[in-house]
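Requesting a structural model of the entry that follows:
(chains A, B, C and D)
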2 protein chains.
Amino acid sequence: MKPRRPTSADVAALAGVSRTTVSFVLNDRPDVAIPAATRGRVLEAARRLGYHPHASARQLAGGRSRTLGLILRQSPEHVAGDALLAETLRGLAGAARAVDYRVIVEPLAPGNGSYDELLRSHRTDGVVVSGPRVDDPALPRLVADGFPIVLQGSLPGLDSPSVDVDNVAGARLAIEHLIELGHRVIGCITNAPLAYTAASERLDGYRAALRAAGLPSDDELVVEAEFDASSGHRAMATLLARAPVTAVFVASDVVALGAFAALHDAGLRCPDDVSVVGFDDIPLAAFFDPPLTTVRIPAHDLGLAAGSALLDRIAGRPVPSRTLLPTELVVRSSTAPPRSATDAERGRRERRGSMEETDRGTGRGPEKGVIE
Amino acid sequence: MKPRRPTSADVAALAGVSRTTVSFVLNDRPDVAIPAATRGRVLEAARRLGYHPHASARQLAGGRSRTLGLILRQSPEHVAGDALLAETLRGLAGAARAVDYRVIVEPLAPGNGSYDELLRSHRTDGVVVSGPRVDDPALPRLVADGFPIVLQGSLPGLDSPSVDVDNVAGARLAIEHLIELGHRVIGCITNAPLAYTAASERLDGYRAALRAAGLPSDDELVVEAEFDASSGHRAMATLLARAPVTAVFVASDVVALGAFAALHDAGLRCPDDVSVVGFDDIPLAAFFDPPLTTVRIPAHDLGLAAGSALLDRIAGRPVPSRTLLPTELVVRSSTAPPRSATDAERGRRERRGSMEETDRGTGRGPEKGVIE
DNA sequence: ACGTGTTACTGACGCGGGTTAGTGCCCCTC
DNA sequence: GAGGGGCACTAACCCGCGTCAGTAACACGT
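Sure thing, here's the model as predicted:
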């Protein structure tokens, strides 16, 4: 009853050639000359039968799975709160699809299963490890065994190419902006525990910028948060109780929203009383209240870069050991000169700014046209 | 030099048995009795060699790819803004991993490539199509050809199981809450164009609830948005210009944040002047200003349910044609009785509520302990 | 001595396609 | 008309594993 899935042998029979010829035509191998007539017959036969080569067979014979892995090593809450994940994934999948690769995604909290199997069973030709942790025992082994691995995020001491945004420079951008506005007592709320390199790098950038401006970087001004808004709320409350900051660099937009709430609860206004700079530029940041000044991460490009680095590595092409993507400061309305340096007029203007002057659209809004 | 990857033949040789026996042991087939001694020798040999069966070979021989596909049919902006995607993916991947399946994710905007190949080449055993569109020509063909497909989101008229949240009931929950508070002129901003079934279902729920309460559901009170906050901003501005609403149901938290901004720009306060109920309960919703009353979607369970439905379908087990997951109203501070029904005291209390009474933590915050 | 089971395993084929080493044929050249 | 050289293909092997049919060895009953 049910007609079997056609194989290349069926195509060969219908076209009146051998299976080998079918293979040559369908993979159009450059070193084999096939006359147009034959090629046409094969193509037509394949079309008529609705032939699609069997992926596993091809992979087995070809030795490549044409599949990339994306390993999410962050905690479930972190993954859930990562507003840029989808963009990064799109970039990676795009890079993959361009060369007929696919992407397997494995959300794999530390200690909860391994991804050895993915590589060792040749289910994937290589993996991008997002959020690598130093305490991951499998990683060094796999690298030592020569599997193509690209780190998204850095992990010093591991001999494997990494792709990341320039966290240090991004943080400097944020702090320099605040210093330029006249702030002198600038706090820092990290985006995550410092075991995460992204967190410590952003903190480094914060410290470097302060040092460069001759400002002290007191440890008291630094509070750790952990990914989500509620930790940002707690961190800001802690910070406010500790020091008279006029500005705070919050190394994650999500955490910054929690920090906003803490300011609110403390009866303080942003930017009037405390300026805030975020990091990431998640899609919602332009609609925070006030619209958040933040450091934009090229999320899509990050995925794209990780993908092509991995594909290069798989193909044996040379890959730079470290690729850093540039960030960009997006100034909105959560930053202003400190109260001492400002006049009352300015404070009001910021609060009542229209959409245009607060840059809510971040360049995306206006061209979309009006609803209805 | 480089030692070849061990095969089952190597294991067989080292254990002094045949390849068949190795296969029996490693797949421990219930119908074949292998004495403990032999089994031990095989296992030990496999361990010593670091043997991992070759996935493609297994798939080819076994006829199954042990891979699921997740097709994201939404527009890139929609995918980027989908704060719940990661959770759903975790659910799906969890269901898959439990039976040693993996998940290939394909972000595939309509008109931008197809996923036929994934199924027809047996690269995946089945797919979950998220955000199916009526104008997708491939879908009915694939269903007709008998491929295991589960829809996440509904698509009437297609004979394939679907898994979704109960959008109608969720919307009713939201509207009933507003009616109970005393609102009579309630607007609706959709989460997306009505071509998306989730959008029209939520609108249906809105209308049904109004009808049930004997309130008119004027078309003028409904404005369409499209996924992102900026469309919510525009939609709310339109709505305010049209009708004297005291409450608005915004069928997406992300869109609701944009609506908040429009209220703000219009000099209106929430909930004092206008109450707002969202939909989705994204992680950030509890930290909006004011914390958003919204309808929670069980995102993780949605992925889990879609995954197990698909796996059932693949295994030939019966699958209900439609699975609806329940939603839950989460009351925070963006809703209050309309001004006419309230006293001044109440309005103040809402604005200055402490974290606990506004339920920012939504049950997650408190148990995490304090930073540092 | 012979059949009947049972246990413990193995030989060989097949999954579907990639690839190498060749083969037959025709045309051209000397 | 013999030799040489493309051209257009093909036979056959290989990838690594699952699996069925089968076999050898031994125990048991009669």
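
And the helix or strand containing A:Leu210, what's buried?
Assessed by DSSP states H and E, A:Leu210 sits inside helix A:197-212. For helix A:197-212, a neighbour-count test (16 or more other Cβ atoms under 10 Å in any protein chain shown) marks A:197-203, A:205-210 as buried. Heads up, the C-betas are built off the backbone N, CA and C, glycines and all.

mind putting those residues in a markdown table, pLDDT included?
Shown next, in a markdown table, are those (pLDDT from 0 to 100):
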| residue | pLDDT |
| --- | --- |
| A:Thr197 | 88 |
| A:Ala198 | 91 |
| A:Ala199 | 93 |
| A:Ser200 | 93 |
| A:Glu201 | 95 |
| A:Arg202 | 97 |
| A:Leu203 | 98 |
| A:Gly205 | 98 |
| A:Tyr206 | 98 |
| A:Arg207 | 98 |
| A:Ala208 | 97 |
| A:Ala209 | 97 |
| A:Leu210 | 97 |
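
May I see those arranged in a markdown table, with distance to B:Gly81 as well?
Formatted as a markdown table, these follow (distance: Cβ to Cβ, whole Å):
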| residue | distance to B:Gly81 |
| --- | --- |
| A:Thr197 | 27 |
| A:Ala198 | 22 |
| A:Ala199 | 25 |
| A:Ser200 | 30 |
| A:Glu201 | 27 |
| A:Arg202 | 24 |
| A:Leu203 | 29 |
| A:Gly205 | 28 |
| A:Tyr206 | 29 |
| A:Arg207 | 34 |
| A:Ala208 | 34 |
| A:Ala209 | 31 |
| A:Leu210 | 35 |
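
I'd like to know which residues of the stretch 51-200 of chain A are adjacent to DNA strand C.
Contacts of the stretch 51-200 of chain A with DNA strand C, taken as Cβ under 7 Å from any atom of the strand, map to A:Tyr51, A:Pro53, A:His54, A:Ala57, A:Arg58, A:Leu60, A:Ala61, A:Gly62.

now chain A, which segments are flagged as low pLDDT?
For chain A, the stretches with pLDDT under 70 are A:1-3, A:340-372.

Can you show me the strands along chain A?
A:67-72, A:102-107, A:126-130, A:149-152, A:162-165, A:186-189, A:222-223, A:247-250, A:275-277, A:294-296, A:322-325, A:328-330 (DSSP state E).

Tell me which strands the fourth one pairs with, and in which orientation.
It stands for strand A:149-152. Applying DSSP bridges to the sheet, strand A:149-152 is found paired with strand A:126-130 (parallel), strand A:162-165 (parallel).

what does the stretch 51-200 of chain A have sitting close to chain B?
A:52-57, A:59-60, A:65, A:67, A:76, A:79-83, A:85-87, A:89-90, A:93, A:97, A:102-107, A:113, A:116-118, A:120-123 (Cβ under 8 Å from any Cβ of the partner chain).

List buried residues within the residues you listed.
A:52-57, A:59-60, A:65, A:67, A:76, A:79-83, A:85-87, A:89-90, A:93, A:97, A:102-107, A:116-118, A:120-123.

got the buried residues for stretch A:188-199?
Neighbour-count burial for stretch A:188-199, with 16+ other Cβ under 10 Å as criterion, is recorded at A:Cys188, A:Ile189, A:Thr190, A:Asn191, A:Ala192, A:Tyr196, A:Thr197, A:Ala198, A:Ala199.

Could you give the separation of it from the chain centroid?
16 Å (Cα atoms, centre = their mean, to the nearest Å).

what's the answer for stretch A:53-73, then?
For stretch A:53-73, the separation from the chain centroid amounts to 24 Å (computed by Cα atoms, centre = their mean).

can you tell me the residue of the stretch 101-250 of chain A closest to DNA strand C?
Proximity of the stretch 101-250 of chain A to DNA strand C (Cβ to the nearest atom of the strand) peaks at A:His122, 13.4 Å away.
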